[in-house]
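Asks: would you be able to build a 3D model of this:
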Amino acid sequence: MKKIFTLLILSVISFGCSSDNSSENQVTPNEAMYFPPSDGSSTWDTKSISDLGWNQTAVQPLLDYLNLKHSKSFIILVNGRIVMENYFNGHTSTTPWYWASAGKTLTSTVTGIAEQEGLLNINNKVSDYLGTGWTSAPLAKENLITCKNLLTMTSGLNDALGDDVSPSNLQYVADANTRWAYHNVYVKLQDVVAQATGQTWTNYFNTKLRDKLGMTGGSWINNGDGLSVYWSTTRNMARFGLMELNKGRWNGNQVVNESYFTTATNTSQTINQSYGYLWWLNGKSSYHLPQSQLQIPGSIIPSGPTDMFMALGKNDQKIYVIPSKKMVVIRMGDAADNVNLALSDFDDVLWQKISALYQ
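Replies: Sure thing, here's the model as predicted:
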């Protein structure tokens with residue numbers, strides 16, 4: 001709890017510091033979008049700092065900060081091309097690492113794919129797919145919970161009972177759609193997809209998303225409490241970010257339809273403006289943090305671009321997608337400041353140093 005209040009204080013202190021997103025600071029060269037081969041090969045086009053006209057003297061301070069903050073890897077893509085790719089503390093381009101809650105966005109995306117195939121409807125109640133009794137809430141309250149509530153963190157279930165998502169641990173607190181609370185109950189969407197498709201979650205995920213993007217070798221690993229966490233290389237995380245930058249498209253193939261993508265990466269409910277379908281949204285007028293019901297004024301990352309949407313995971317796993325700059329930024333590693341939450345002041349300082357590259 002002490003960490004939460006520290007984080008809240010840091011967030012409020014940072015409010016009022018805004019990023020400069022004026023047109024003269026756009027960093028998008030006038031060139032076609034690039035996609036690496038989908039066979040998972042190591043081939044990937046690059047673009048140098050000097051080619052972009054960026055500030056070379058800002059590179060080393062950024063790398064020093066990443067190393068100081070226990071990073072394992074860092075990638076910047078612009079128009080799909082690698083501008084920076086750096087590894088730290090013995091990590092390599094072939095070493096897998098966990099996505100933690102950044103992987104929630106994989107579940108969001110695959111749910112959208114299943115819906116576009118006509119296999120499920122996110123507006124249907126979860127019990128249509130899993131049967132009743134998947135929670136310990138009264139039946140009338142359980143039947144209020146739709147798949148969309150799981151996508152938007154508005155299930156109304158108790159978020160203070162830990163990661164266990166067995167029925168006995170999914171307890172009623174409020175009616176669905178009346179309370180925003182960061183909760184691992186979202187993982188039930190994987191069961192919904194499995195039931196709706198008649199396939200295992202892993203098989204459907206691999207066929208419909210992983211393999212289409214060339215995210216070779218990535219896998220879901222059970223962490224021992226009933227939840228599976230995605231592990232992959234940093235480049236595979238960058239591939240997913242690149243597809244999202246392109247509104248669900250990969251090299252001409254619409255993997256998830258643009259309508260779903262647009263809804264997923266915009267405010268999804270009226271309680272937390274900074275949350276979509278398991279995506280965090282920058283540049284909104286207020287936000288909520290995990291494990292808190294407080295509404296905090298301002299943007300989540302004041303120094304970051306206002307159109308940025310983000311996959312954020314425990315111990316500072318990051319996918320930042322910035323459409324206005326045609327940019328994807330990836331960070332994997334250990335907790336930057338011994339704070340295990342998805343959000344911390346690390347994000348704001350990191351974006352100050354990233355912005356220094358092109359401002």
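Asks: next up, the contacts around residue 304.
Replies: 19, 282, 283, 320, 322, 347, 348, 351, 355 (CB atoms under 8 Å, 6 or more residues apart in numbering). C-beta coordinates here come from the backbone N, C-alpha and C atoms, glycine included.
Asks: just the ones in strands from those residues, please.
Replies: 320, 322 (DSSP state E).
Asks: from the contacts of residue 304, which is closest to residue 184?
Replies: Taking CB to CB as the measure, residue 184 lies nearest residue 347 of the contacts of residue 304, at 21.5 Å.
Asks: stretch 87-101: which residues count as buried?
Replies: Across stretch 87-101, burial judged by 16 or more other CB atoms under 10 Å covers 87, 88, 91, 96, 97, 98, 99, 100, 101.
Asks: identify the residues contacting that stretch?
Replies: Contacts with stretch 87-101, where a contact means CB under 8 Å, 6+ apart, come from 42, 66-67, 70-74, 85, 106, 217-219, 221, 229-235, 237, 311-315, 317, 332-333, 342.
Asks: now, those that are in helices?
Replies: Counted as lying in helices by DSSP state H, out of the contacts of stretch 87-101, are 66, 67, 106, 234, 235, 237.
Asks: for ChimeraX, write the select line for the buried members of those.
Replies: Applying 16+ other CB under 10 Å to the ones in helices among the contacts of stretch 87-101, the buried members can be selected in ChimeraX as follows:
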select :66,106,234,235,237
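Asks: now do stretch 159-178, average pLDDT.
Replies: On average, the pLDDT along stretch 159-178 is 95.
Asks: what residues does that stretch touch?
Replies: Contacts for stretch 159-178 (CB under 8 Å, 6+ apart): 133-138, 141-142, 144-146, 149, 154-158, 179, 181-185, 187-188, 225-227, 269, 291.
Asks: just the buried positions in it, please.
Replies: Buried residues in stretch 159-178, defined by neighbour count with 16+ other CB under 10 Å: 159, 165, 169, 170, 172, 173, 176, 177.
Asks: closest one of those to residue 128?
Replies: residue 176 (14.0 Å).
Asks: quick one: contacts of the host helix or strand of residue 191?
Replies: If you go by DSSP states H and E, residue 191 is part of helix 188-197. Outside helix 188-197, the residues within contact range by CB under 8 Å, 6+ apart are 107-108, 110-111, 114, 117, 119-120, 126, 129-130, 134, 147, 150-151, 165, 200-201, 204, 228.
Asks: cool, stretch 33-50 as well?
Replies: Against stretch 33-50 from outside (CB under 8 Å, 6+ apart): 29, 55-56, 59, 78-84, 93, 211-217, 235, 239, 242, 246, 250-251, 326, 357.
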